[in-house]
Each structure stands twice: as structure tokens, then as C-alpha cells.
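J.: next comes the sequence, and after it the predicted model I'd like to discuss.
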Amino acid sequence: MDQIQTCDYVIRGTAASGQIRCYAITSKMLVEEARQRHGTSPVITAALGRLLSGGAMMGTMMKSEKDLLTLQIQCSGPVQGLTVTSDAFGHVKGYPVNPMVSLPASIKGKLDVGRAVGQGVLTVIKDIGLKEPYSGQVQLVSGEIAEDLTYYFATSEQTPSSVALGVLMNRNNTVAQAGGYIIQLMPGTQNEVINILEERLRNMDPVTTLLAQGHTPESMLEQILAGFDIRFSSEHIPVSFTCNCSRERMEKALISLGGREIDQMIKEQESIEMNCHFCNSSYQFSVDDLKKIRKA
């Protein structure tokens, strides 16, 4: 079942005559891009990679072209916090507050994401064009990300869901595999369907094991939903680490500081470097640049 991965993507589908809604993602290149941009240690690569993968799938649930989703974790663990934003087109970006955390492996010999995150809250913000964005907040149940998103769906959206996410690292600390799936039950799902699905999910191999075996997003869902007449939407949705920061946006941020602040920078002959939290890109503004901004 070996597959050559040419791009990351999300696939969506339904099963059991619409009683089940499903999503799956392969996100190795997306997570590796995030690792390189932020210089994350392995455990933070895993934490951020899981949230990016979950956020990318949740972004494809949005209905409008301009809708935006933000997942924000505020926590007591050494990572201190994680933020991811995504849209309906597979564009996702994110950053950790602390990119370099070193922890011993968990009891199971895995990267200890739960300990890196610790206790805290998960906030899901949906900007869908209303006067105020929708915001739902839940306590973290494990810090392992997938379980926390599962809890969010159940409590804030009243949608019974199973979320699985994984990131596998190579010995050189690059990303070997990344991906996940979300299975959701629609109102009125038959008990027989629920019982079979719960049993299947209990016995499923971890996401990274499936991906390392050569599974695709489609074949992962086919394994979980065998016999439930799964129907995929026709298109793959390519996903990528994409940031919309630009020099122009940074210039507007500078202007928002006010003329007095900019005048002080000019007086002190200070060039300014502005950094984008999401993608770690830097933008330089010389004293001459600041003078032009002040005259504009």
C-alpha cells in the first residue's frame, strides 16, 4: 500500500445514509513547514502539528469563502500556548508560544504532548460574517489535542465525534508522518451504527501507524466505516501552511502605533524589525522607511 505523497489534502465524506459525517487529512508537509518556520522541538512539533491538522479539517467544515476558524489553547504546560487559524480552502497557519521544550518520553514511550500542554482551556472562534464571532470554550481534558477537540464537539456543538490526530518524527527530528480523522454522528443515528462504530474505533491502530503503513485519508476512513456505504465528496482539498502577512500589513500595524511612537523611533535613529507570530517572517523598516510612513 506504499503511497508517494505529492501533496497534503483533506477528504470529506458521509456514510450510513447520512448518519455519519467524516473527514481525514494527511499533513506531513504542512507540519514539516511549521517545524522549519518555528524551529520547534519534537514534542512541540507534535503538539502544533496535531492542532494544525485538526484545524485544517475543521476549516473545511466552514460554509462561506470568507469564514475563518481560530483554535487557541491557553495552558499551564511549558509550551504556554498554541494558536492555529484556518479557512475553508485548506489554508492553515499556527504558532506555539514556546517553540523549544524538551521533555522525557511518556510512559508509553511517545512524545509527551499532554505534559507539554498541561491544564488549560481550548477556545474555538468562528468568524462567519456576523457582528460578533462565535466563540466556544472548554477545559482541556488531556492536553493531547485530539481528546480536547472531541470534548469540544460534544459539549459546545452537541455533535458526538471521534477525533484522532498524530505526528510521527524521524530520528533527525523532521516529520515522518502527520494526519488524522474526525468521525461525527448526526442526530438520530441508529444505536446499531453507534455500537459498531465505537467498537471499530476502540480497535483502530494509531493514525501514525496507519499512515506509516501507507494508508491514505480515504483508506483510513474506509477501514473505520467498512460496510457503511461511505461516499466521498468528489474533490480533494489541498492543505498547506499559508500565511497572509505582508510588508503592507506590517506597515499598517506600524501606523496604528501612532505618530508619536514613530517620531520617537526616527529621533532615536532606530530601524525596526517586525516579526509575524504565525509564520516567523521578518520585515525590516529603516529610518528612511519610517520617515516615508510618517509623511504618507
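T.: Noted; the coordinates are in hand. Every value quoted in this text rests on a predicted model; they were computed, and no experiment measured them. Numbers count the residues shown, from 1 in each chain.

J.: would you map the strands across the stretch 151-296 of the chain?
T.: Listed in chain order, the strands of the stretch 151-296 of the chain (DSSP state E, counting those that start in this stretch) span 161-169, 175-185, 231-232, 237-238, 240-241, 272-275, 282-285.

J.: correction: the previous question concerned the stretch 1-150 of the chain.
T.: Secondary structure of the stretch 1-150 of the chain (DSSP E, counting those that start in this stretch): strands at 9-15, 20-26, 68-75, 81-87, 91-96, 120-127, 134-139.

J.: nearest to the spatial middle of the chain, which residue is it?
T.: Central residue of the chain (Cα atoms, centre = their mean): Leu52, 1.7 Å from the mean position.

J.: what's next to stretch 192-211, contact-wise?
T.: Stretch 192-211 is contacted by residues 16, 19-20, 26, 28, 162, 164-168, 176-181, 183, 185, 213, 220, 223-228 when judged by Cβ atoms under 8 Å, 6 or more residues apart in numbering. Glycine gets a C-beta too; all of them are placed from N, C-alpha and C.

J.: quick one: buried ones out of those?
T.: Burial by neighbour count, 16 or more other Cβ atoms under 10 Å: within the contacts of stretch 192-211 this picks out 16, 19-20, 26, 28, 162, 164-168, 177-181, 183, 185, 220, 224-225, 228.

J.: pLDDT of the top helix by length along the chain, averaged?
T.: Ranked by residue count under DSSP state H, the longest helix found in the chain is helix 42-59. For helix 42-59, mean pLDDT is 97.

J.: and stretch 129-146, by the same measure?
T.: Rounded mean pLDDT across stretch 129-146 is 91.

J.: ok now that stretch, how far from the chain's centre?
T.: 13 Å (Cα atoms, centre = their mean, to the nearest Å).

J.: Ala56 and Phe89 touch, don't they?
T.: No. Judged on Cβ atoms under 8 Å, Ala56 makes no contact with Phe89 at a distance of 10.2 Å.

J.: higher neighbour count, the two?
T.: Taking neighbours as other Cβ atoms under 10 Å, Ala56 and Phe89 compare with Ala56 leading, 30 against 15.

J.: how about the contacts made by the more buried one?
T.: Per Cβ under 8 Å, 6+ apart, neighbours of Ala56: Val10, Ile25, Ser27, Leu30, Ser86, Gly90, Val92, Val239.

J.: give me the pLDDT for the first one.
T.: Think Val10. At Val10, the pLDDT recorded in the model is 97.

J.: is it in contact with Ile25, as I believe?
T.: Yes. Val10 is within contact range of Ile25, at 4.7 Å (criterion: Cβ under 8 Å).

J.: report the set of residues contacting both of the two.
T.: By Cβ under 8 Å, 6+ apart, the residues touching both Val10 and Ile25 are Ala56, Met57, Pro217, Val239.

J.: who touches the last one in this structure?
T.: Contacts here follow Cβ under 8 Å, 6+ apart; on that basis Val239 touches Asp8, Tyr9, Val10, Ile25, Ser27, Leu30, Ala56, Gly90, His91, Val92.

J.: how far away is it from Phe278?
T.: To Phe278, Val239 is 15 Å away according to Cβ to Cβ, to the nearest Å.

J.: and what of the second one?
T.: For Met57, the distance to Phe278 under the criterion Cβ to Cβ works out to 19 Å.

J.: go on, Ile44?
T.: Taking Cβ to Cβ, one finds Ile44 at 15 Å from Phe278.

J.: looking at these two, which is more packed in?
T.: Using other Cβ under 10 Å, the more surrounded residue of Ile44 and Phe278 is Ile44, with 28 against 21.

J.: so the more buried one touches Gly94, yeah?
T.: No. Counting by Cβ under 8 Å, Gly94 is not a contact partner of Ile44; they are 11.2 Å apart.
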